[in-house]
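Novice: sequence and computational prediction follow.
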Amino acid sequence: MSLNHQGAEPGTPLTLTQAASLVQGRLDGDGSIQIHGLAPLDEAGPGEMAFLAMKRYGRLLRTSSAGAYLVSSEFEDLIPTGASKVIVDKPYPALRELLLYFGDEAVLRPEVHDTAVIGSRVRLGSGVRIEPFVVIEDGVSIGDGTRLGSHSVVGSNSTVGRDSILHAHVVIYPRSVIGSNVVLHSGTRIGSDGFGYTEIEGIHRKIPHIGRAIIEDNVEIGSNTTVDRGSFGDTRVGTGTKIDNLVQVAHNVQIGARSLLAALVGIAGSTRIGKGVWMGGRASATNHLEIGDAAQVAFDSTVMKDIKAGETVSGSPARPHREELRRQANVHRLGKLQERVEVLEAGSGESG
Amino acid sequence: MSLNHQGAEPGTPLTLTQAASLVQGRLDGDGSIQIHGLAPLDEAGPGEMAFLAMKRYGRLLRTSSAGAYLVSSEFEDLIPTGASKVIVDKPYPALRELLLYFGDEAVLRPEVHDTAVIGSRVRLGSGVRIEPFVVIEDGVSIGDGTRLGSHSVVGSNSTVGRDSILHAHVVIYPRSVIGSNVVLHSGTRIGSDGFGYTEIEGIHRKIPHIGRAIIEDNVEIGSNTTVDRGSFGDTRVGTGTKIDNLVQVAHNVQIGARSLLAALVGIAGSTRIGKGVWMGGRASATNHLEIGDAAQVAFDSTVMKDIKAGETVSGSPARPHREELRRQANVHRLGKLQERVEVLEAGSGESG
Amino acid sequence: MSLNHQGAEPGTPLTLTQAASLVQGRLDGDGSIQIHGLAPLDEAGPGEMAFLAMKRYGRLLRTSSAGAYLVSSEFEDLIPTGASKVIVDKPYPALRELLLYFGDEAVLRPEVHDTAVIGSRVRLGSGVRIEPFVVIEDGVSIGDGTRLGSHSVVGSNSTVGRDSILHAHVVIYPRSVIGSNVVLHSGTRIGSDGFGYTEIEGIHRKIPHIGRAIIEDNVEIGSNTTVDRGSFGDTRVGTGTKIDNLVQVAHNVQIGARSLLAALVGIAGSTRIGKGVWMGGRASATNHLEIGDAAQVAFDSTVMKDIKAGETVSGSPARPHREELRRQANVHRLGKLQERVEVLEAGSGESG
């Protein structure tokens, strides 16, 4: 039997009163309604709760059959009269509590599957789960409670901390360092060689990569993301940082703590990203840059020079966001500007 | 022995008359020429047929040694006088017929390789092919005639329909739904967690992902593409949709039937893409958008607001294509506009 | 025991005199200093050598504790007075020599792991290393000294040359050709079907892909990169070309010798790239183009028409770099241009 976050058996419904209490929200309506789960506004049925935290989805309320709503206090008035709801100031932490309650992720037993190939001088902590076809090379250390998903490979002399999860098909190159409470999704590659060559007599000769890739504690990395090792010196992803799918982190990049990099982001070699930085999807940065703490880089922007701490940038090349907006507006008005110049030319011609 | 699409033994040549008949084209020239296969214009030899459906490749005709040509009726006149050809109105369906004829993909026997690790409560259909080192977790159902390539992992309680192909190294996370006649190429990841966090006391806390990833019938997905599961509610790729390599489909994205997404496309969370949509390579869309049926998004464009059905957009941010062309033209003329203003200023100075 | 490039036991320090001799550099300072390795300027200790080849890192010199410096002759004067240094004209080849010396990559023994699944009609050269869970399908040939990393799959009737390295989790589709001295990093997929469909009665029908993917000698390809096979005719990556992580090379693309493609580059179908071409990170090219020899495509640029040999382009769509710079400058001056037009309008109004 698996238990969910609150210790209840999965599948146990909540009354709306209990739900309100769980999320520390304000109940408005019938507290005895039984909630069996969450569902999108346009799919929720009478036994389900729907969620509203963005104005644009308000239009779905009219036809929603949800039994109740979890709603941001900001949009409370959009909920149809008479519908029961739980109102919260911070909708996402509340949503998270409910999803933790209703989620029923199977608890996976510790085991070392007998197909796993485990090298010499390997230290396995207690309570580890080593799934089928895992390869652990020589000199590796795996911390307590860590799970290595099917087919994962941990290269020689690497370490993985405790309570980490490597989903199926993760590859860790030799001498990498993976912290505790780290989650690596399928197909993520940590520690491959960086893209470094030097031309000698017309041939691109490889620069050896003898540095490491270090993933600190509480990092989560999405599917098919790549983090190269350092050439000399290390590549580092700081504690609590979250990285989405299909992201490229090149050799010797340093990412500070608690930053967020969305999907398809690319960071070129040796660039340093501060703490608490946000990079939107498909954003990128060229090499040898510094992006300061708490900087925000908009979706699809291309950072080509240093960004100061706290700055918000957008565009390609990325500029301070206000400047980019002004630039876009100027270009937008270009048609009119041309007409104005034509008027002036006509006037000047008449007087000429 | 394997048979090709037309039931002939692979390697059996066609006469040009037979080829014309196969593609329902018009023969012009020597119908007795033996065709052993297709080859590019600049590589084809006397026993091979070359293909012309784009004007830009016409320049290769002069030096081509092809034995015959398959040509779009549009470019019929470009073929050198005296060369034998088959003329068709729709060149790509005709090309497809010939490639089906000449292709000799081995027919792979059904088998369950004895290295596969198969959990409990697994239902395997008849005629399945389970290749080496496949992992099928508990509660999975695999339909008749489906092939799971080497090292593929099908997570617990997932289903795969019939006659689907998972190439080597595909990973399906638990509780995913894969339809029939689906093709997933190597390294594709279906159902990994979306990139969803909420900040609680300065820490990015993960939003549980308890929705599913659903891949409907007749979908093909390229190599190393990622499709995340929904947070609550599902991520869905509609029937007949085709997705190229290295594409990111984020949590709760909905893609309608028969859409095409080229390589390196990125779709951010909860965005809904209609039916019959075309997104060119590297195009992207930010989250919570709606892209209407039959919309066309040009190569490398960035969709940042809703797109109406049938609209063609380009640019970053993406705009109606005509508007973007005008904008580009305006920018292109800027140097001249500056000169015109200088002339006016000079004139105004003289008269001042 | 493993030996490094110079035949010394790993861990053996160099005197600064020996280091200078190894890189054919000029010694300035105390030649008896013992060097145990290389480290970044801000991390190097007294037993380590730091490296300076870019002006922007000069600011780190003041606080560096490095025992000695390897420095480009261009920046020699930036090194603090009294510090010992080796001065070279070409810093990267020199760095490479030192990293080869200090690197201690384990020498991996030849072996065929007993978990490997090897088909019929397979030819394995001498001295190969076949790691756990490798699958080699029927009719494959693997050259002498080649290493197939854990879980790699070599599809039927493919060949791999000698002294090549396939890191863990590489997949080679059937009938591919991989040369000698090739390095393929984890998760790279060679020979998957291209994205080719033709609409027949409203349905996207797949164009068969019966061409091959050919990777010539001395190519290195990064992690999670995809190279599709040709539809008819082949996809080809030329000798000595280096490709970074997460790159898409579509069907029938031809890349000449000694080109460099950085991370997240995307090349659409049938485009031909010459010899010695540089494509910066996230650059892309649409289909059916020609990019001439030695062309340079800047970071994040989008090539939408043919590029002449030797040309440097940037922007989206990509233009000759000087033209793009002028265009950017014109847009930058737009605010001022508007003001100038306003002045003219005011003047014209007064005189009107």
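Specialist: Arrived safely, thanks for sending.

Novice: what are the boundaries of the strands in the stretch 1-150 of chain A?
Specialist: A:14-15, A:26-28, A:34-35, A:37-38, A:48-52, A:68-72, A:85-88, A:111-112, A:117-118, A:123-124, A:129-130, A:135-136, A:141-142, A:147-148 (DSSP state E, counting those that start in this stretch).

Novice: including mean pLDDT, could those strands go into TSV?
Specialist: Formatted as TSV, the strands of the stretch 1-150 of chain A follow (pLDDT from 0 to 100):
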stretch	mean pLDDT
strand A:14-15	96
strand A:26-28	97
strand A:34-35	96
strand A:37-38	94
strand A:48-52	96
strand A:68-72	97
strand A:85-88	98
strand A:111-112	98
strand A:117-118	98
strand A:123-124	98
strand A:129-130	98
strand A:135-136	98
strand A:141-142	98
strand A:147-148	98
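
Novice: now the closest residue to A:Phe51 other than its chain neighbours: how far from A:Leu14?
Specialist: Of all residues not flanking A:Phe51 in the chain, A:Leu70 sits nearest, at 5.0 Å (Cβ to Cβ, 6 or more residues apart in numbering or on different chains). Where C-beta positions appear, they are placed from N, C-alpha and C, glycine not excepted. Computed with Cβ to Cβ, to the nearest Å, the distance linking A:Leu70 and A:Leu14 is 11 Å.

Novice: neighbour count winner among the two?
Specialist: Neighbours were counted for A:Leu70 and for A:Leu14 using other Cβ atoms under 10 Å in any protein chain shown; A:Leu70 has more, 26 against 21.

Novice: state the number of residues packed around the residue nearest to A:Leu95 when sequence neighbours are not counted.
Specialist: Nearest residue to A:Leu95, sequence neighbours excluded (Cβ to Cβ, 6+ apart): A:Phe51, at 5.7 Å. Using other Cβ under 10 Å, A:Phe51 is surrounded by 25 other residues.

Novice: need the contact list for A:Phe51.
Specialist: A:38, A:40-41, A:69-71, A:91, A:95, B:232 (Cβ atoms under 8 Å, 6 or more residues apart in numbering or on different chains).

Novice: which pLDDT does the model give the closest residue to A:Pro317 other than its chain neighbours?
Specialist: Spatial nearest neighbour of A:Pro317, excluding adjacent residues (Cβ to Cβ, 6+ apart): A:Met304 at 4.1 Å. Listed pLDDT for A:Met304 reads 97.

Novice: and if you look at the one 5 residues further on?
Specialist: Here, the pLDDT recorded for A:Ala309 equals 98.

Novice: who are the contact partners of it?
Specialist: A:Ala309 neighbours (Cβ under 8 Å, 6+ apart): A:274, A:292-295.

Novice: secondary structure added to those residues, as JSON lines?
Specialist: Converted to JSON lines, the contacts of A:Ala309 look like this (DSSP: H, G, I helix; E, B strand; the rest coil):
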{"residue": "A:Gly274", "secondary structure": "coil"}
{"residue": "A:Gly292", "secondary structure": "coil"}
{"residue": "A:Asp293", "secondary structure": "coil"}
{"residue": "A:Ala294", "secondary structure": "coil"}
{"residue": "A:Ala295", "secondary structure": "coil"}
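
Novice: just the closest of those to chain B, please.
Specialist: A:Ala294 (11.7 Å; Cβ to the nearest Cβ).

Novice: what's the pLDDT at that closest one?
Specialist: 98.

Novice: kindly check the end-to-end length of stretch A:17-32 for me.
Specialist: 7 Å (Cα to Cα, to the nearest Å).

Novice: scratch that, stretch A:188-196 is what I was asking about
Specialist: Termini of stretch A:188-196 sit 21 Å apart (Cα to Cα).

Novice: mean confidence score for that stretch?
Specialist: 97.

Novice: quick one: it near chain B?
Specialist: No: Stretch A:188-196 lies apart from chain B when judged by Cβ under 8 Å from any Cβ of the partner chain; the minimum separation is 9.7 Å.

Novice: so does that stretch get close to chain C?
Specialist: Yes: Stretch A:188-196 reaches chain C (Cβ under 8 Å from any Cβ) through A:189, A:192-193, A:195.

Novice: from the residues you listed, pick the one nearest chain B.
Specialist: Closest to chain B, out of all of those and judged by Cβ to the nearest Cβ, is A:Arg189, at 10.7 Å.

Novice: gap between that closest one and C:Leu95?
Specialist: Where C:Leu95 is concerned, A:Arg189 sits at a distance of 25 Å (Cβ to Cβ).

Novice: so which bits of the stretch 151-300 of chain A are right by chain B?
Specialist: So the stretch 151-300 of chain A meets chain B at A:151, A:167-169, A:185-187, A:220, A:222-224, A:240, A:242, A:244-246, A:258, A:260, A:262-264, A:280-282, A:299-300 (Cβ under 8 Å from any Cβ).

Novice: list just the one of the strands of the stretch 1-150 of chain A that sits closest to A:Leu99.
Specialist: Judged by Cβ to Cβ, the one of the strands of the stretch 1-150 of chain A that comes nearest to A:Leu99 is strand A:37-38, at 6.6 Å.

Novice: what's that closest one packed up against?
Specialist: Contact partners of strand A:37-38 among helices and strands, from 3 or more Cβ pairs under 8 Å, 6 or more residues apart in numbering or on different chains; DSSP states H and E: strand A:48-52, helix A:91-102.

Novice: chain center to that strand, what's the gap?
Specialist: 23 Å (Cα atoms, centre = their mean, to the nearest Å).

Novice: partners of that strand in the sheet?
Specialist: Counting by DSSP bridges, the strands paired with strand A:37-38 are strand A:48-52 (parallel).

Novice: rewinding a little: ok, A:Arg189 and C:Leu95, which is more surrounded?
Specialist: More crowded of A:Arg189 and C:Leu95, by other Cβ under 10 Å: A:Arg189, with 31 against 24.
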